[in-house]
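The following comprises the amino acid sequence and a computationally predicted model.
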Amino acid sequence: MIDIIGMIFIGVGIGFDVFGCIGLIRLPDVYNRLQAATKCVTLGTCSILFGTFLMAGGFTPTGFKALIAIVFLFLASPVAAHAVSRGAHRAGIKLWDKSVVDSYAEDKEGEA
Amino acid sequence: MKSRILMFIIAFVVWCILCWKPDTEHLIAGGVVSLIVAAVMGSMFVTRPHLMIHPVRVFYFLFWYVPVFLWELLKANFDVAYRVVHPDLPIKPGIVRLKTELKSDTGLTFLANSITLTPGTLTIDINKDAGILYIHWINVVGSDPATTFKEIGNRFEPILKKIFEENVVSK
């Protein structure tokens, strides 16, 4: 029974990871791609890890490592996205042509 | 100093979990490693450690922030999945400002991370002095402060204010 639930979690996780990868290819610029990469891949990978935790039999050595990996992933993934997007903006990478507003660029021009 | 002790405890607990089940050798090695980590990194860890052991704040964190966060994360995933597989790619991206009243480092970090993992938003930069977060929004509804606060900040800021800000929960 618990194996089946674990399998379901892993399946759902792989599904979300696939959506994240499709987003990486289809979305237009680096910022939109990061959106897909952070959200879908974070939950997808955490779901796979949680499925691993269940299938490894709960609080066993493998299960504990999976749980710790979930916590670290939740903390690290948004920070990485923030660093990449900020670096991209500072390096002068333009937003997509159809973007509506860019307050960050406005404010930076004001500073300089 | 309190921050160092807290760092040591957390590092030690993580170590013990990583090498479950701990025996004597692992415990000694973990103690040494945790001491080094605490000595080097401890002062950067938390500025006000006493807040982390406040029971009311921990309660709010576990039973209010975490469920709301997980729910929003799930919504975010379906939102992105929908936008990605839709043939017309229904996105309207832009970078907007979000004014925040949070002042503490930990609170701002959690707000920024929560915003990144919630529907359609990604924190790009923080201006701590002015209390402004720059957010890339995949579907811009409006760029004036009231709209951004209603659509983005409103979900988490009141909760995080209760958890991380000084003088909100009576001591």
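Received it, and whenever you're ready, just let me know what you need.

burial of residue A:60, as a residue count?
13 (other CB atoms under 10 Å in any protein chain shown). (C-beta placed from N, C-alpha, C; glycine too.)

That should have said residue B:121, apologies.
Neighbours around residue B:121, by other CB under 10 Å: 25.

now swap in residue B:87 and tell me
Neighbour count of residue B:87, defined by other CB under 10 Å: 5.

Next one: the most centrally placed residue in chain A from residue B:21, what distance?
Residue closest to the average C-alpha location in chain A (CA atoms, centre = their mean): residue A:38, at 2.1 Å. Distance of residue A:38 to residue B:21, computed by CB to CB, to the nearest Å: 35 Å.

helix/strand/coil for the residue nearest to the centre of chain A?
Secondary structure state of residue A:38, per DSSP: H, G, I helix; E, B strand; the rest coil, is helix.

Likewise for residue B:136?
Assignment for residue B:136 (three-state DSSP): strand.

Local confidence estimate at it?
On pLDDT, residue B:136 comes in at 80.

just residue A:97 next, same as before
69.

Just give me the neighbour total for residue 88.
You didn't pick a chain, so chain A it is. Residues near residue A:88, counting by other CB under 10 Å: 17.

that's the wrong chain, I wanted chain B
6.

List the residues that contact residue A:51.
Residues in contact with residue A:51 (CB atoms under 8 Å, 6 or more residues apart in numbering or on different chains) are A:5, A:6, A:7, A:8, A:9, A:10, A:11, A:13.

for residue A:86, same thing?
Contacts of residue A:86 (CB under 8 Å, 6+ apart): B:124, B:125.

how about the strands in chain B?
For chain B, strands defined by DSSP state E occupy the ranges B:94-99, B:121-127, B:132-137.

for the ones you listed, which one ends up most surrounded?
Looking across those with neighbours counted as mean count of other CB atoms under 10 Å in any protein chain shown, the highest average goes to strand B:132-137: a mean of 25.

by contact count, what packs against that one?
helix A:30-55, helix A:103-111, strand B:94-99, helix B:105-116, strand B:121-127 (3 or more CB pairs under 8 Å, 6 or more residues apart in numbering or on different chains; DSSP states H and E).
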